[in-house]
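In: need a structure here:
(one chain, ligands or ions: 1)
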Amino acid sequence: MSNGSKQNLFKMAEQQLERAFDAIGADANLRAILSQPKNEVIVHFPVQLTSGEVKMFKGYRIQHNNALGPFKGGMRYHHDVHLDEVKALATWMTWKCALAGIPYGGGKGGIKFSPREYSAEDLERITRRFTHALGDNIGPEWDIPAPDMGTNSQIMDWMMDTYANLKSTNNRQTMRAVVTGKSLICGGSQGRTAATGQGVVHCIEAWAERKGFDLDGARLAIQGYGNVGSNVARIMARKGALVVAVGDHTGYFMNQDGLNPAELSQWVQVHRGLNGYPKAEAISREQFFGVECDIMVPAALELQILEEEAKSLKCQMVIEAANGPVDLDGERVIQERGIDLIPDVLANSGGVIVSYYEWLQNKRSESWYKERVEEKLERRMRRIYDQTVMKAEELGVGMRTGAYAIALEKLKNVYGARGLWP
Ligand code: GLU
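Out: As a prediction, this is how the structure comes out:
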């Protein structure tokens, strides 16, 4: 999946931020505060695996900013997790939550290891030891983890259970809100699993309406067929769109007549990747990014569309379902070529928005119907999409800078009102 680039993700996040600061003319003090995360927690913890072997793991939790509410963001299990990556991802969560208008700051964390190589039992041990090592660096009013790449509701259930069991008996019930993205039975929300993909689709619809573009028959190329990519495929296919190309770390495939999203999901489940999918033509990664389509959906790792990939795109729009898939050069080329770009902090915010609904339900001991969650998500996504378009037009900038500008204004106002104590 990787293009071999060793670009520093945090530098990229800093440069995006600089561009936004320039656009809104922010003062030096705000720049200073927001340019570094507040806390960087790194833990090394031993786990006794089911084999009897004891292994050391390295875990991270980066807390970028909490001026607007508790730190919030996913936990990533991946062999490439590293400090500058989680710092960038935590920073993006701050802009994402501020833009979405939910009362959270930004955080992100994870463990550097490859979860595919471990059994469910070992994953449980690793997750519980990690949660124990983090201790009170997380908490329902302090820092609230959620799923990200390599993690899911089961991991969140174990995390919540471990955290709650470390608290006094009469406090345990209120601890469910320490983590979102849990399974329904453990206090998760209806609609949370599909929320990120669903939010991406709301953005695609909003874009199509503004353009007068008919989504019936629209051609999509999707990189990454995990939770986000597969849900985008499934929901878009229901609207009459065709998935003409897909790819993941195991291979890339094309079929201009359209691929069946449900069959792809089944294949991925059984084969742990797209590799060998029979009802399509196998293509290279280079061919994938040059495939004729209308909408390109990078829904995998960061740093996928750089200058070279951007030059070969044959689409009208790129929507960042993943975090940070397009680098600065890629973005410049995309803009020069007149291709629309919907940035990650807007496009994939459906996940954290429904995380917020889950947290509210936990705190209020409520459980909302799916329709209620879906309606609220759609209304909020549409609103922030329109606000971003308007801000970008007002400032004469791209949508990413427009989105950042909205977030930065909120942060500027909260620091203006609260000041720096003491
Ligand atoms: N990991 C997701 C993201 O990058 C969701 C975060 C959350 O729900 O807190 O936005």
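
In: got the contact list for the nearest residue to residue 343 once chain neighbours are set aside?
Out: Excluding the flanking residues, the one nearest residue 343 by CB to CB, 6 or more residues apart in numbering is residue 400, at 3.8 Å. Glycine gets a C-beta too; all of them are placed from N, C-alpha and C. By CB atoms under 8 Å, 6 or more residues apart in numbering, the contact set of residue 400 is 16, 20, 331, 341, 343, 345.

In: Take those residues and keep only those in helices.
Out: Under the assignment DSSP state H, the contacts of residue 400 contribute 16, 20, 331, 345 to helices.

In: Of these, which is the nearest to the ligand?
Out: Closest approach between those and the ligand, by CB to the nearest ligand atom: residue 345, at 8.8 Å.

In: Within the helices and strands, which one has the residue nearest to residue 343?
Out: Residue 400 belongs to helix 399-418 when assigned by DSSP states H and E.

In: Name the residues of that helix that are buried.
Out: Residues of helix 399-418 classed as buried: 399-408, 410-412, 415 (neighbour count, 16 or more other CB atoms under 10 Å).

In: next one: stretch 185-193
Out: 186-193.

In: And the strands in the stretch 151-300 of the chain?
Out: Taking DSSP state E, counting those that start in this stretch as the test, the strands found in the stretch 151-300 of the chain are 219-223, 242-248, 251-259, 281-283, 295-298.

In: who touches the residue lying closest to residue 323 once chain neighbours are set aside in this structure?
Out: Spatial nearest neighbour of residue 323, excluding adjacent residues (CB to CB, 6+ apart): residue 344 at 5.0 Å. Shown in contact with residue 344 (CB under 8 Å, 6+ apart): 92, 96, 320-325.

In: ok, now which ones touch residue 192?
Out: The contact partners of residue 192, by CB under 8 Å, 6+ apart, come to 153, 180-181, 351, 354-355, 357-358, 373.

In: For it, give its distance to residue 141.
Out: From residue 192 across to residue 141, the span is 20 Å (CB to CB, to the nearest Å).

In: low-confidence ranges in this structure?
Out: Residues of the chain meeting the criterion pLDDT under 70: 1-6.

In: Spell out which residues of it are next to the ligand.
Out: Taking CB under 6 Å from any ligand atom as the contact definition, the chain meets the ligand at 72-74, 146, 148, 180-181, 323, 348, 351-352, 355.

In: which pair in these spans the largest distance?
Out: The most widely separated members of the residues of the chain next to the ligand, counting by CB to CB, are 180 and 323 (16.9 Å).

In: Looking at the two, which one has more neighbours?
Out: Neighbours per residue (other CB atoms under 10 Å) separate residue 180 from residue 323, with residue 180 holding more: 30 against 26.

In: With residue 363 as the reference, measure out to that one.
Out: Between residue 180 and residue 363 the distance is 11 Å, computed by CB to CB.

In: any chance of the buried residues of helix 399-418 in CSV, with distance to residue 82 too?
Out: Below are these laid out as CSV (distance: CB to CB, whole Å):
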residue, distance to residue 82
399, 28
400, 23
401, 27
402, 30
403, 26
404, 24
405, 29
406, 29
407, 25
408, 26
410, 29
411, 26
412, 31
415, 30
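
In: ok so, going back, please list only the buried members of the ones in helices among the contacts of residue 400.
Out: Burial by neighbour count, 16+ other CB under 10 Å: within the ones in helices among the contacts of residue 400 this picks out 16, 20, 331, 345.

In: residues contacting the closest residue to residue 273 other than its chain neighbours?
Out: The shortest distance from residue 273 to any non-neighbouring residue, by CB to CB, 6+ apart, is to residue 250 (3.2 Å). Residue 250 makes contact with 271-275, according to CB under 8 Å, 6+ apart.

In: ok, now residue 98?
Out: 68, 406-408, 410-411.

In: mind running it again at 6 Å?
Out: 68, 407, 410 (CB atoms under 6 Å, 6 or more residues apart in numbering).

In: so which of those would you say is closest to residue 391?
Out: residue 407 (10.0 Å).

In: so which two of the buried residues of stretch 185-193 are the farthest from each other?
Out: With CB to CB as the measure, no two of the buried residues of stretch 185-193 lie farther apart than 186 and 191, at 15.6 Å.
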